[in-house]
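Visitor: Attaching a predicted model along with its sequence, questions to come.
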Amino acid sequence: MKTQLRDIENLEDIKSLVDSFYGKVRKDEKLKDIFNAVIQNRWPEHLEKMYRFWQTVLLDEHTYQGSPFIPHAQLPVDEEHFNQWLKLFFETVDEKFTGAKAERAKWQGDRMAEMFHYKIQYYRNHAMAPIL
């Protein structure tokens, strides 16, 4: 019997989403080497930061500080990596949740992927460093 899905409601839901999603990323042939090369043994810290980010975005509990783009500015990624990231993210959201906040999570993920991809390409093509 399949569990009835519900919307993202609290920090435990955020943690479940983030842990499941990054569990997939860490096994994904297209993404795992990039993430593991950058994060190395700092996965617990990265996950905590992601909890705070999504808690701020989805629950309006302002626990995240910082600029999400800067750590991604120099990553060796292109459109295929963003597409795979989105595929895994949408898949994870849809497996675990349904509702307005789940849809907002997917919308926000799509928006971030598009913006990050555009900005990474811009900086590559213009020999500039992002403003910190």
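Guide: Cool, got the structure.
Visitor: which phi and psi does the closest residue to residue 11 other than its chain neighbours have?
Guide: Taking CB to CB, 6 or more residues apart in numbering as the measure, residue 11 lies nearest to residue 55, with 5.8 Å between them; neighbours along the chain are not counted. Just so you know, the C-beta spots here come from the backbone N, C-alpha and C atoms, and that holds for glycine as well. Per-residue torsions, residue 55: phi -60, psi -40 (degrees, to the nearest 10).
Visitor: gap between residue 20 and residue 93?
Guide: Distance check for residue 20 against residue 93: by CB to CB, to the nearest Å, it reads 9 Å.
Visitor: Now do the same contact list for residue 50.
Guide: Residues counted as contacts of residue 50 (CB atoms under 8 Å, 6 or more residues apart in numbering) are 18, 22.
Visitor: Which of the three states applies to it?
Guide: Remark: residue 50 carries the secondary structure label helix [criterion: DSSP: H, G, I helix; E, B strand; the rest coil].
Visitor: Return the distance of it relative to residue 79.
Guide: When CB to CB is applied, the distance between residue 50 and residue 79 equals 22 Å.
Visitor: Residue 45 too?
Guide: Between residue 45 and residue 79 the distance, using CB to CB, works out to 28 Å.
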